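Undergrad: need coordinates for the below:
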Amino acid sequence: MYKLTDEQRKQLVNYLATQPYMQVAALVTMLVSLPPITDQGTANKIVSETTKEGREKIANLAIQKRNNAQNDLS
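TA: From the prediction side, this is the model:
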């Protein structure tokens, strides 16, 4: 898992916009739908984790926690 800045995401989308549509449509959709990390504690944990598996685990736990909180509200 990697963290993209808004500027990096814009650069990727702009580059993909210059490529043939059929080759990049799914990637553009994925990039623009990435949710921001709103919890600074989670962001710091992801940045400091040295292994890919560890970063994925932290991110997945944060997503699960967010989803559970949304379900509790409904």
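
Undergrad: closest to the centroid, which residue in the protein?
TA: By C-alpha atoms, centre = their mean, the chain has its centre lying nearest to L34, at 4.5 Å.

Undergrad: so it, which of the three states?
TA: Recorded secondary structure, L34: coil (DSSP: H, G, I helix; E, B strand; the rest coil).

Undergrad: in terms of helices and strands, where is the closest residue to I37 other than its chain neighbours?
TA: With sequence-adjacent residues excluded and distances taken as C-beta to C-beta, 6 or more residues apart in numbering, I37 is closest to A43, at 4.5 Å. Every residue, glycine included, has its C-beta placed from N, CA and C. Applying DSSP states H and E as the criterion places A43 in helix 40-48.

Undergrad: now swap in A25 and tell me
TA: helix 21-32.

Undergrad: mind listing what A62 touches?
TA: Taking C-beta atoms under 8 Å, 6 or more residues apart in numbering as the criterion, A62 is in contact with I37, D39, T42.

Undergrad: how much space between the residue nearest to the second one when sequence neighbours are not counted and D6?
TA: Spelled out, it's D39. Nearest non-adjacent residue to D39, counting by C-beta to C-beta, 6+ apart: A62, 6.3 Å away. Counting by C-beta to C-beta, to the nearest Å, the gap from A62 to D6 is 19 Å.
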